[in-house]
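> Sequence plus predicted model, see below.
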Amino acid sequence: QVQLVESGGGLVQAGGSLRLSCVVSGRTPSNYAMGWFRQAPEKEREFVGGVIWSVGRTNYADAAKGRFTIFRDSAGKTVYLQINNLKPEDTAVYYCAAHVVRDTYANTTPNKYDYWGQGTQVTVSS
């Protein structure tokens, strides 16, 4: 079992930055891919980006390239999502998720993930 706990969300003005954290506990994350997803009201959950824990290889949704950065702290068993130049359309609940590594990159499909955190709300005001 893997437990994921996100934090770092909040209310921020457009143009600001946030760093979301996801603490991993339970089984060692070295065999897992970690993904960040977000879900805005009345919209489907969408992939933001992911990282293969063991090698740090990242992949991002096209819409996330440039403003979003994922990195992990292996010692602290934490994966981060840095978001810069926040926009009102970034408002969503952000989720951390994990799946056993099956490919070169983290999967972009929510139903391929085995474990999910509870989410953290990000609200961006204009």
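On my side now, so go ahead.
> can we go C-alpha only for contacts and neighbour counts from here?
Fine.
> and residue 8, what is it in contact with?
18, 19, 20, 21, 120 (C-alpha atoms under 8 Å, 6 or more residues apart in numbering).
> Residue 14 too?
85, 86, 87, 88, 124, 125, 126.
> redo that, cut-off 6 Å
86, 87, 124, 125, 126 (C-alpha atoms under 6 Å, 6 or more residues apart in numbering).
> what is the third one paired to in the beta sheet?
What that stands for is residue 124. With DSSP bridges as the criterion, residue 124 is bridged to residue 12.
> which stretches of the protein form strands?
Applying DSSP state E to the chain gives strands spanning 2-7, 10-13, 18-26, 32-39, 46-52, 57-60, 68-73, 78-83, 92-100, 115-116, 120-125.
> of all those, which lies closest to residue 108?
Proximity to residue 108 (C-alpha to C-alpha) singles out strand 46-52 among the strands of the chain, at 5.5 Å.
> what angle sits between that closest one and strand 92-100?
With axes from the mean of the first three to the mean of the last three C-alpha atoms, to 10 degrees as the basis, strand 46-52 and strand 92-100 are set at 40 degrees to each other.
> What are the buried residues along strand 46-52?
46, 47, 48, 49, 50, 51, 52 (16 or more other C-alpha atoms under 10 Å).
> wait, isn't the first one in contact with residue 40?
No - applying C-alpha atoms under 6 Å as the test, residue 46 and residue 40 come out as separate, 8.9 Å apart.
> residues near residue 68, how many?
For residue 68, the count of nearby residues is 20 (other C-alpha atoms under 10 Å).
> who touches it in this structure?
Per C-alpha under 6 Å, 6+ apart, neighbours of residue 68: 82, 83.
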